[in-house]
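*Asks:* quick check, what structure comes out for this input:
(2 chains)
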Amino acid sequence: MFPYVPHTEQEIREMLKAIGVDSIEDLYKDVPMTVRELNLPNGLDEFSVVKKIKSIAQENVVVEKEKVFMGAGIYVHYVPYVVKVMASRPEFVTAYTPYQAEVSQGTLQALFEYQTMICELTGMEVANSSMYDGASALAEAVLMAHRINNRKKVLMSEAVHPEYVQTCKTYAQGFGLNFVSVPVDESGATDMEALSKLANEDSCAVVVQQPNFFGVVEDLKRVREIAKDTIFIVVAEPISLSLLEPPGSFGADIVVGDGQPLGITPNFGGPTVGFFATLEKHVRKMPGRIIGQTKDVEGRTGYVMILQTREQHIRREKATSNICTNHALMALVNAIYMSLMGPEGLREVARRSYANAHYFAEKLKEKGFKLRFKGPFFNEFVFFVDENYPHRWKKLFEEGFLAPLPLEWFDRRYKGLALACATEVNTKESIDQMVLALERGAR
Amino acid sequence: MTVFEKSVSGRIGFKLPESGVRFEKMDIPEHLVRTRKLGLPELSEVDVVRHYTELASKNYSVDRGFYPLGSCTMKYNPKVNEYLASLEGFTEIHPYQPVESVQGVLKLMYELKNALCEITGMDEMTLQPAAGAHGELTGMLIVRAYHLSRNDTKRTIALIPDSAHGTNPASAAMAGFEVVELKSTKEGLLDVEELKKHLNDRVAVLMLTNPNTLGLFEKDILEIAKLVHEAGALLYYDGANLNAIMGRFRPGDMGFDIVHLNLHKTFSTPHGMGGPGSGPVGVKQFLARFLPVPLVRKSDNGSYYLDYDLPDSIGRMRSFYGNFAVLVKAYAYILTMGKDGLKHTSEMAVLNANYLRKLLSRYFRMASDRTCMHEFVVDGSEFVKKTGVRILDVAKRLLDHGVHAPTIYFPLIVHEAMMIEPTETESKQTLDRFAEIIGKIVEEATNNPDLVKNAPHTTPIRRLDDVTATKNPIYRYR
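*Replies:* Numbers count the residues shown, from 1 in each chain, chains lettered A, B, ... in the order given. As a prediction, the model looks like this:
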């Protein structure tokens, strides 16, 4: 009757008899009320479901990859087909949390290798095996900072993704944390003078994003010096870390970010995966699952979940976090992507992104557009358009471009500004076309 | 062998297209430019394929066999749903595209949300939470916002039964509540007298899983709801066990104010080695204004939009709008099953659990005498006393027989617990075979206990030393 449920009428009768009841109703005798029939249609066949959902998918407009010039947290990159093929293997997809290590070595080893790759990227000592996304990873990082020093003032750079900041504030409601926004300076980087005035012995954490929400590369060395003994949290874009000195080299305590650029399609924003790395001295305050290497009884190398006492299993209300189901499969996608690209491939993606974004900026300048900030940037930058831009942005979409993001969506103060992005998927031609289209509209 | 040991300097697995844009020297201060080489492996595409195929072969999965992990609902994951979630019209959509260009995704979310509201008896729902525990935290923050909105600042206590899922107390604590544990009755149900003792004007919420983790339906739920509401507190439903009642009972009708769901359990989206999941949260109308932003809504002209205009919202739980790809799979599942199939699903899940319970009661005592819902708990304490073989050993021996072990040592209120959830997608033959295997292991435990104590024998790796792994942790390959 239903393809996913195997019982025949005959079997149902036999099973009821074995249990010693007359009907299914007898099994529900503890339930005090039966609901009326659900107001939903009856089940459909596979053909009809496919047809219906395909038509829904077709109601969405897919922009040609090379014509996407918007990032702001989700980035379009080439995803080699093999990444999807390997990550779609049912042995990974239909497995669960590796509670029985002996039959979960595939999951465990892949996540152990993922942790190693994240440590390499961030320059940190220990990474967990994933968080939900970059925003919730940052929120957990802020709570972890509070667990470490018990202070309440969080200095948050204004150039951290607004949705990440909002998420932090949501998570922190129960802890009475106090968020202080640190402005950006003329270069578009976090204002170091303002930061040094705000940072004191009450500061729980200093949070900056690298490169920041405006695309500008932050001077992490200066931030660390000013942050003194507070917990230094960096939100990092993973591909840029193949070109930039990792936050770990500057004494970051916690590095988080979103792994979407590493082989995950945009998916309308999810699922992606959050990465979370820290120093060994903080590991027992860290949220999330950690996989460790060990030996079996015959001395062979194997992997297990470790430090589970910090988790929900014991001392439940004292758990370091409530995270249980994480984003392991997406972490696997990251690991496969990084295995395939290797250090050189990843670096090449970063160099192309850098080159394309800078070419885009140069072309815009040639046409009379001005960049908003003078600080160094990686694959995103802010430029002045005009107050009518949000409207025109929709027109550009009709022309086939996902044009730079109108920044006033996030804050009225950013009126007339656009956040542009380029990655390795954009071409010289598509950039030239985008510039022309922007110029045409400006007249 | 790790992927790093397979690395050969100079290999690469992917080639980028030619570019017309030249890379010039970077305009970034020297001290911010990476100097150390990035320690990623260097592999060809075939190396990568073989490495991950090798890892895949070392994993147990639902597609391979029976996976009776209690409270995890490891049901079959329909293949067509994977295909549907991978349609380009879904995967290649940027979350900040113009709203006119994403009407399909918004429509899907809107319809899914409505179906889930109907199934749970709730009025409004957010699809943003990324997992069940993320939904719990969302729900607890809504509880907090609700009481504060009424200037009821004394309500700092979350009541949670001792049989609750481990994440319940952790979620409540993360939302700033003081957790007070309620002792269960001998039968394993919430003790109404105990509840009465604890209800006062400081209680913000009672978190309840129904059916509970012993697999029992809280039969006094109507009275419990009345008591909780009379005390001015809210009633929260942990939807982890919804698979037993879907299409038959609605938490909303029983008096629950807030519900979270686990789409990866009840609605068959795959668990993905521990995620991504999805944990929508539904509420009664009076709590709708506290839901996270944005909410998907439909305007009078029939178009869909994202509503950010919720001044009382708890805020945002993550970036963007939720695990959209997971939502597609749950939507496809609901369309395929329909109201008749969803109801049939619950009934077969309950039938399977009671049937397997009956078969296993030949070998073990059950933690409760009551009829169970979609899962049940074995109390192995007598068995352990008699044979000296631990429940952990039984679990490991099961692996030798090609089935996954049940959840063990949970719920914490049962000693030597083994928590079994067969799910509706398993056939009678599978359950019969599982019971046979259990019978065989029980026999081995009596006649040849060392065989069981040293299990597993045939898995890719044998029992692992997790004590040393935690004492002297090795977090990464060096």
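*Asks:* which residues sit in contact with the residue nearest to residue A:321 when sequence neighbours are not counted?
*Replies:* Closest residue to residue A:321 in three dimensions, ignoring its sequence neighbours and counting by C-beta to C-beta, 6 or more residues apart in numbering or on different chains: residue A:287, at 3.2 Å. Backbone N, C-alpha and C define where each C-beta goes, glycine included. Under the criterion of C-beta atoms under 8 Å, 6 or more residues apart in numbering or on different chains, the contact partners of residue A:287 comprise A:128, A:131, A:140, A:143-144, A:276, A:310, A:320-321, A:323.
*Asks:* nearest to residue A:205 among those?
*Replies:* Residue A:205 has its nearest neighbour among the contacts of residue A:287 in residue A:144, at 8.8 Å by C-beta to C-beta.
*Asks:* ok but that closest one is inside a helix, no?
*Replies:* Yes. Under DSSP: H, G, I helix; E, B strand; the rest coil, residue A:144 sits within a helix.
*Asks:* residues near it, how many?
*Replies:* Each residue near residue A:144 was counted by other C-beta atoms under 10 Å in any protein chain shown, and the total is 23.
*Asks:* look at residue A:243 and say how many residues are nearby.
*Replies:* Neighbours of residue A:243 using other C-beta under 10 Å come to 22.
*Asks:* could you do residue A:388 as well?
*Replies:* Each residue near residue A:388 was counted by other C-beta under 10 Å, and the total is 12.
*Asks:* please apply the same query to residue B:313.
*Replies:* If we define neighbours as other C-beta under 10 Å, then residue B:313 has 23 of them.
*Asks:* quick one, grab the pLDDT at it.
*Replies:* In this model, residue B:313 is scored at 98, pLDDT.
*Asks:* circling back to that earlier point, which among the contacts of residue A:287 gets closest to residue A:12?
*Replies:* Top of the list for closeness to residue A:12, among these and by C-beta to C-beta, is residue A:323 at 39.5 Å.
*Asks:* and the helices in the stretch 301-450 of chain B?
*Replies:* Counting by DSSP state H, counting those that start in this stretch, the stretch 301-450 of chain B has these helices, from start to end: B:324-360, B:381-387, B:391-400, B:428-447, B:449-453.
*Asks:* swap that for the stretch 251-400 of chain A, please
*Replies:* Going by DSSP H, counting those that start in this stretch, the stretch 251-400 of chain A shows helices at A:328-366, A:389-398.
*Asks:* rewinding a little: now pLDDT too, for the contacts of residue A:287, in JSON lines please.
*Replies:* Formatted as JSON lines, the contacts of residue A:287 follow (pLDDT from 0 to 100):
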{"residue": "A:128", "pLDDT": "97"}
{"residue": "A:131", "pLDDT": "97"}
{"residue": "A:140", "pLDDT": "97"}
{"residue": "A:143", "pLDDT": "97"}
{"residue": "A:144", "pLDDT": "97"}
{"residue": "A:276", "pLDDT": "98"}
{"residue": "A:310", "pLDDT": "64"}
{"residue": "A:320", "pLDDT": "80"}
{"residue": "A:321", "pLDDT": "86"}
{"residue": "A:323", "pLDDT": "86"}
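*Asks:* once you drop chain neighbours, what's closest to the residue nearest to the spatial centre of chain A?
*Replies:* The C-alpha lying nearest the average C-alpha coordinate of chain A belongs to residue A:258 (C-alpha atoms, centre = their mean; 2.5 Å). Closest residue to residue A:258 apart from its sequence neighbours, by C-beta to C-beta, 6+ apart: residue A:134 at 3.0 Å.
*Asks:* closest residue of chain A to chain B?
*Replies:* With C-beta to the nearest C-beta, the shortest gap between chain A and chain B falls at residue A:174, namely 2.2 Å.
*Asks:* list the contacts of that residue.
*Replies:* Shown here is residue A:174, whose contacts under the criterion C-beta under 8 Å, 6+ apart are B:141, B:144, B:174-177.
*Asks:* biggest strand in the chain by residues?
*Replies:* As the question left the chain open, I've gone with chain A. Secondary structure assigned by DSSP state E gives strand A:203-210 as the longest strand of chain A.
*Asks:* oops, I was thinking of chain B
*Replies:* The residue-count maximum for a strand in chain B (DSSP E) belongs to strand B:203-209.
*Asks:* so is that one next to chain A?
*Replies:* No. With C-beta under 8 Å from any C-beta of the partner chain as the criterion, chain A is not reached by strand B:203-209; the gap is at least 11.2 Å.
*Asks:* that older thread, now the helix or strand following the longest strand of chain A: average pLDDT?
*Replies:* With elements assigned by DSSP states H and E, the helix or strand that comes after strand A:203-210 is helix A:220-227. When pLDDT is averaged over helix A:220-227, the result is 96.
*Asks:* could you point out which element follows helix A:220-227?
*Replies:* Scanning forward in sequence from helix A:220-227 by DSSP H and E, the next helix or strand is strand A:231-236.
*Asks:* count the residues that sit near the closest residue to residue B:245 other than its chain neighbours.
*Replies:* Nearest-residue entry for residue B:245: residue B:346, 5.7 Å, with adjacent residues in sequence omitted and distances by C-beta to C-beta, 6+ apart. Residues near residue B:346, counting by other C-beta under 10 Å, number 23.
*Asks:* quick check, pLDDT for residue B:346.
*Replies:* Looking at residue B:346, its pLDDT is 97.
*Asks:* do I have it right that it meets residue B:241?
*Replies:* No. Using C-beta atoms under 8 Å, residue B:346 is not in contact with residue B:241, being 10.5 Å away.
*Asks:* which neighbours do those two share?
*Replies:* When C-beta under 8 Å, 6+ apart defines a contact, the residues bordering residue B:346 and residue B:241 alike are residue B:374.
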